[in-house]
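S.K.: Quick one, fold the following:
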Amino acid sequence: MRGMTDRGRADLLADLHRELLEHEARLRSLLEQRPARERLGEPSASTAPRAPTAPTARTGDEISLTERDVQILQLVVRGHTNREIGAQLQVDPATIRNHLSRIYLKLGVMTRTHAAVRTVELGLSRAGPAGDS
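M.R.: So this is what the prediction gives:
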């Protein structure tokens, strides 16, 4: 995060953390609504496919990110979509989606927001949020 002040980094982490909490609140709300839907004839938890388990978080020493992984993560931290990242790196957005899937496994995360937070925690982000290109 060269060129970024400690205050800027703290603000970025706070913004990412707030966004993560908002996502988790929405997920919790959806999970609370689920039993009502099941009573209306949708499959129960025992017959529904199981959600994947969360990957294990890794330490910075255990993560082997490529230069391309870091480029993609830096753009994710700035708030770019897969389409925007693909255009900037001159690849198809589906390729970015595939890269992100592998990156999530490497970082031990399940969401884009978690990946962004982890990127900042690892000191891999060089800039602030969207608009700081």
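
S.K.: what's around residue 13, how many residues?
M.R.: Residue 13: 15 surrounding residues under other Cβ atoms under 10 Å. In this view, the C-beta of every residue, glycine as well, is placed from N, C-alpha and C.

S.K.: Likewise for the one 3 residues further on?
M.R.: Summarising burial for residue 16: neighbours were counted as other Cβ under 10 Å, giving 22.

S.K.: wait, it sits on residue 114?
M.R.: No - contact criterion Cβ atoms under 8 Å: residue 16 and residue 114 do not qualify, at 9.2 Å.

S.K.: Could you check the pLDDT of residue 62?
M.R.: For residue 62, the pLDDT comes out at 65.

S.K.: right, I mislabeled it, should have said residue 54
M.R.: So residue 54 comes in at 51 (pLDDT).

S.K.: same thing with the one 5 residues further on?
M.R.: Turning to residue 59, the model gives it a pLDDT of 52.

S.K.: got the buried residues for the longest helix along the chain?
M.R.: For the chain, the longest helix by residue count, based on DSSP state H, is helix 6-39. Under the neighbour-count criterion of 16 or more other Cβ atoms under 10 Å, helix 6-39 has 12, 15-16, 19 buried.

S.K.: This protein: helices as residue ranges?
M.R.: 6-39, 67-77, 82-89, 93-107, 112-121.

S.K.: That's all I had, so thanks and see you.
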